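Engineer: after the sequence you'll find the predicted model.
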Amino acid sequence: MKKVKKVRDGNSARNERSQLPKMSTGIQGLDEITGGGFPKGRATLICGGTGCGKTLLAMEFLVRGGIEYNEPGVFISFEENAIDLTENVTSLGFDLKDLTARKMLLIDYVHIDRSEIEESGEYNLEGLFIRLGFAIDSIGAKRVVLDTVESLFAGLHNDTSLRTEIQRLFRWLREKGVTAIITGERGVNTMTRQGLEEYVSDCVILLDHRVTEQTSSRRLRVVKYRGSIHGTNEYPFLIDNDGISVLPVTSLTLDHKVSTERISSGVPRLDAMLGGRGYYRGSSILISGTSGTGKTSLCAHFAEAACLRGERVIYFSFEESPDQIIRNMLSIGIDLKKWRKKGLLHIQSTRPSFTGLESHLAIKHKAIKLFKPDVVILDPLNSFIIGDNEIEVKSMLMRLVDYLKTEQITGLFTNLAQGNNPQEQTEVAISSLIDTWLLLRDIDSGSERNRGLSIMKSRGMGHSNQIREFLLTDRGVELRDVYIGPEGVLTGSARLTKEAENEAELLIRSQNVELRRIELEKKRTTLEAQIAMLRAEFDVQEIASLKIIGQETAERAKLAQGRVDMGISRNVDVNPELTRKRK
Amino acid sequence: MKTNQDQPLKIKTERPANKKVLEQYILKLYIAGHSTKSTNAIVNIKTICEENLKGIYDLCVIDLYQQPQLAQGEQIVAVPTLIKKLPLPLRRIIGDLSNTDRVLVGLDIKKKE
């Protein structure tokens, strides 16, 4: 018994040990990727090129630690002095002065001026250790940042002894039990110029700031995390006025919950086409069409419908400013301003070229997280395509759609189809991600352009397969049946003409029918009259005939009687009985 | 050679009256404990001072283990560090000061070759 228990204890102890203690970074998303934060009591290396956000990330680690976890931190800066640092991060909303005053933060600027230093004989970095130790002890720091320790190599000559000393520093930090961040500038073939990654082997995070097609995007990757499971992808991150936010939005599974709730598209006739009840909540809807086919109008309708239900809507526009959308939608009788004032609608307009795709995603992600909408509208999607970044756009959208679905947010996207492109193909090739796909098209006929709407697909519901004519009236979008006849699909005034023609034809036909009916009636009357006349004639004849027949019979009887009487009178037969019998 | 617990060790020498008035050297040597490097540095600087700056220097040896708060203000990273406060410009010489030539260069006594 005892033995068994002991073994079990041993196992649980091992399990506990395998759960590496972690220290939350407090940085949005980073804790999710690292499964809880950086390894507690160990050093984490953050490396990357110039301007990729190493210092900011390290500083945020300390600031969040101080504000959210009440863990004091020491920032040893080798590059910037405390005043510069404080100023630089003020834009991120970090008040270092306050933290320093509250003894939550201590900044020590280690300055090594090559010009005033002469080396003579052996030395070590004990001075730095003492400084660091003193700083840690004076505020009881739990977090330490060394930014960038490699600067020492620029100030001091003896590389070999420096290496040993830096190695000793990391050991020393671990003994101190502080969670440390060491930053390092990216080298040519190594992660850091001096190969620090060899010494800090517990956790290595690589930051990247790349520019493609003139737009930049920041990415973060956990290269290594000893003793812990971590996300391995490159994650986009943002630096804005709230600090850093990392987005682990790529979900690998397809297991989001689905809703059976249906929500109105805002156009009753469209709801009718969609199985009578509109879209599914939490589905993704794509409206594609060439320019001027009314995509934005449909978006506005949907937004209005959602607001009417008391739901929250974020409208991301990449082509029009909020005011422009509001003005334009007013022309079709949709007042978005009202909802915006009520705080149910948030319109966010950005140029696609404003930042890189990843940053766009990050911005959206953040806005969604903050606003907690029920409906998200993106208008239009494909303005992101600049050059041949379709794959990236697709992956970005996939992540966005994924995110929206996990959050049960209904997503409405529009896609601007180019000129004569086959309409069944969205440029972004995201149709597979889309649950309901509406196609708007121009129908050119009779020297005018008209709009048609049809449903390409709508997963999980019976839907109309008919093209409807799509009208923009001052009371919003109206859908009409189109005329489909031997001449093809007719819309607009052609449809009206055709309808009028049809009506006229119908009238003539009905008149014809009436005429026939009257004629028939007339014929019947005539016929009946004739029949009556004939019958009357017949009756007369019959009477006459019967009369003749009667006379004839009477005559014949008279004759017979006459003969018998004659015979009797002439005594033809002796036996008058016999004579009577023969008769 | 021992550093005082509370008081930094000060070594003052009397200035010879016959020599022309030279600028006073104010030197501070920061060490960390009683390591070989510390000991060597103290011995070396004393020798150099006695040989080159007799009577015009003021050397102060500070043990950072005793006064760790000084390390930040003095921008000490490596130890031992000898700081020449005066005459200006300020100079730092790091190491156990075993290379006399370099020390002399650092103290601006000898020109850099």
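Structural biologist: Here it is on my side, so go on. In this text, all values refer to a predicted model and were calculated from it rather than measured experimentally.

Engineer: contact residues of the stretch 51-200 of chain A facing chain B?
Structural biologist: Those residues of the stretch 51-200 of chain A that sit near chain B, judged by C-beta under 8 Å from any C-beta of the partner chain, are A:108, A:110-112, A:116-128, A:130-131, A:133-135, A:152, A:155-156. In short, each C-beta sits where N, CA and C put it, glycine included.

Engineer: filter these down to the ones in helices?
Structural biologist: A:126-128, A:130-131, A:133-135, A:152, A:155 (DSSP state H).

Engineer: need the residues you listed in CSV (columns: pLDDT and neighbour count).
Structural biologist: What follows is these, written out as CSV (pLDDT from 0 to 100; neighbours: other C-beta atoms under 10 Å in any protein chain shown):
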residue, pLDDT, neighbour count
A:E126, 87, 27
A:G127, 86, 27
A:L128, 87, 26
A:I130, 89, 25
A:R131, 89, 26
A:G133, 89, 18
A:F134, 89, 19
A:A135, 89, 23
A:L152, 82, 22
A:G155, 78, 17
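
Engineer: relative to A:F38, which of the residues you listed is nearest.
Structural biologist: A:F38 has its nearest neighbour among these in A:A135, at 19.5 Å by C-beta to C-beta.

Engineer: pretty sure the closest one is touching A:Y109, no?
Structural biologist: No. Using C-beta atoms under 8 Å, A:A135 is not in contact with A:Y109, being 11.4 Å away.

Engineer: need the ones in helices among the residues of the stretch 51-200 of chain A next to chain B in CSV (columns: distance to A:S259).
Structural biologist: Shown next, in CSV, are these (distance: C-beta to C-beta, whole Å):
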residue, distance to A:S259
A:E126, 64
A:G127, 64
A:L128, 59
A:I130, 62
A:R131, 59
A:G133, 58
A:F134, 59
A:A135, 54
A:L152, 58
A:G155, 62
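
Engineer: which one of those residues is nearest A:G66?
Structural biologist: Of these, the one sitting nearest to A:G66 (C-beta to C-beta) turns out to be A:A135, at 14.3 Å.

Engineer: please name the nearest non-neighbouring residue to that closest one.
Structural biologist: Nearest residue to A:A135, sequence neighbours excluded (C-beta to C-beta, 6 or more residues apart in numbering or on different chains): A:V74, at 4.6 Å.

Engineer: do the same with B:P89
Structural biologist: Sequence neighbours aside, A:E116 is the residue nearest to B:P89 in space, at 6.8 Å (criterion: C-beta to C-beta, 6+ apart).

Engineer: in contact with the one you found: list those residues for me.
Structural biologist: Residues counted as contacts of A:E116 (C-beta atoms under 8 Å, 6 or more residues apart in numbering or on different chains) are B:89-92.

Engineer: which among those end up buried?
Structural biologist: Using 16 or more other C-beta atoms under 10 Å in any protein chain shown as the burial test, the contacts of A:E116 include B:91-92 as buried.

Engineer: give me the subset of the contacts of A:E116 that lies in strands.
Structural biologist: Using DSSP state E, B:91-92 are the members of these that sit in strands.

Engineer: so how far is A:I130 from the residue lying closest to B:Y65 once chain neighbours are set aside?
Structural biologist: The spatially closest residue to B:Y65, leaving aside those adjacent along the chain, is B:G33, at 5.0 Å (C-beta to C-beta, 6+ apart). Per C-beta to C-beta, to the nearest Å, B:G33 is found 10 Å from A:I130.

Engineer: between those two, what contacts are shared?
Structural biologist: Residues touching both B:G33 and A:I130 (C-beta under 8 Å, 6+ apart) are B:Y65.

Engineer: tell me the contacts of the residue nearest to B:Y65?
Structural biologist: Contact analysis of B:G33 by C-beta under 8 Å, 6+ apart lists A:126, B:63, B:65.

Engineer: which single one of those is nearest to A:L20?
Structural biologist: When the contacts of B:G33 are compared for distance to A:L20 (C-beta to C-beta), A:E126 wins out at 30.6 Å.

Engineer: so the closest one makes contact with B:A32?
Structural biologist: Yes. With contacts counted by C-beta under 8 Å, A:E126 reaches B:A32, the gap being 4.1 Å.

Engineer: what sits in contact with each of those two?
Structural biologist: Both A:E126 and B:A32 are contacted by B:64, B:79, under the criterion C-beta under 8 Å, 6+ apart.

Engineer: A:T50 in helix, strand or coil?
Structural biologist: Going by DSSP: H, G, I helix; E, B strand; the rest coil, the secondary structure assigned to A:T50 is coil.

Engineer: contacting residues for it?
Structural biologist: A:T50 neighbours (C-beta under 8 Å, 6+ apart): A:E185.

Engineer: next, give phi and psi for it.
Structural biologist: Here the main-chain torsion angles of A:T50 (degrees, to the nearest 10) amount to phi -60, psi 140.

Engineer: report pLDDT for it.
Structural biologist: Looking at A:T50, its pLDDT reads 81.

Engineer: now, which of the contacts of B:G33 sits nearest A:V513?
Structural biologist: Minimum separation from A:V513 among the contacts of B:G33 (C-beta to C-beta) is found for A:E126, which lies at 113.6 Å.

Engineer: where in the stretch 201-350 of chain A is pLDDT low?
Structural biologist: Regions of the stretch 201-350 of chain A meeting the criterion pLDDT under 70 cover residues A:213-215, A:248-255.

Engineer: and the helices in it?
Structural biologist: Along the stretch 201-350 of chain A, the segments classed as helices by DSSP state H, counting those that start in this stretch run A:268-273, A:295-308, A:322-330, A:336-342.

Engineer: dump the residue contacts of the residue of the stretch 451-583 of chain A found nearest chain B.
Structural biologist: Closest approach of the stretch 451-583 of chain A to chain B (C-beta to the nearest C-beta) occurs at A:R459, with a separation of 65.3 Å. When contacts are counted by C-beta under 8 Å, 6+ apart, A:R459 touches A:283, A:435-436.

Engineer: nearest to chain B among those residues?
Structural biologist: Closest approach to chain B among the contacts of A:R459 (C-beta to the nearest C-beta): A:S283, at 60.4 Å.

Engineer: quick check: residues of chain B near chain A?
Structural biologist: Counting by C-beta under 8 Å from any C-beta, the residues of chain B near chain A are B:30, B:32-33, B:37, B:40-41, B:44, B:64-65, B:68-69, B:71-72, B:75-81, B:89-100, B:102-103, B:105-106.

Engineer: of those, buried ones?
Structural biologist: By neighbour count, with 16+ other C-beta under 10 Å, the residues of chain B next to chain A hold B:30, B:32, B:37, B:40-41, B:44, B:64-65, B:68, B:71-72, B:75-81, B:91-97, B:99-100, B:102-103, B:105-106 as buried.

Engineer: averaged pLDDT, the longest helix anywhere in chain B. What do you get?
Structural biologist: Of all segments of type helix in chain B, defined using DSSP H, the longest is helix B:36-52. For helix B:36-52, mean pLDDT rounds to 86.

Engineer: what's that helix packed up against?
Structural biologist: If you count contacts as 3 or more C-beta pairs under 8 Å, 6 or more residues apart in numbering or on different chains; DSSP states H and E, helix B:36-52 packs onto strand B:25-31, strand B:57-63, helix B:100-106.
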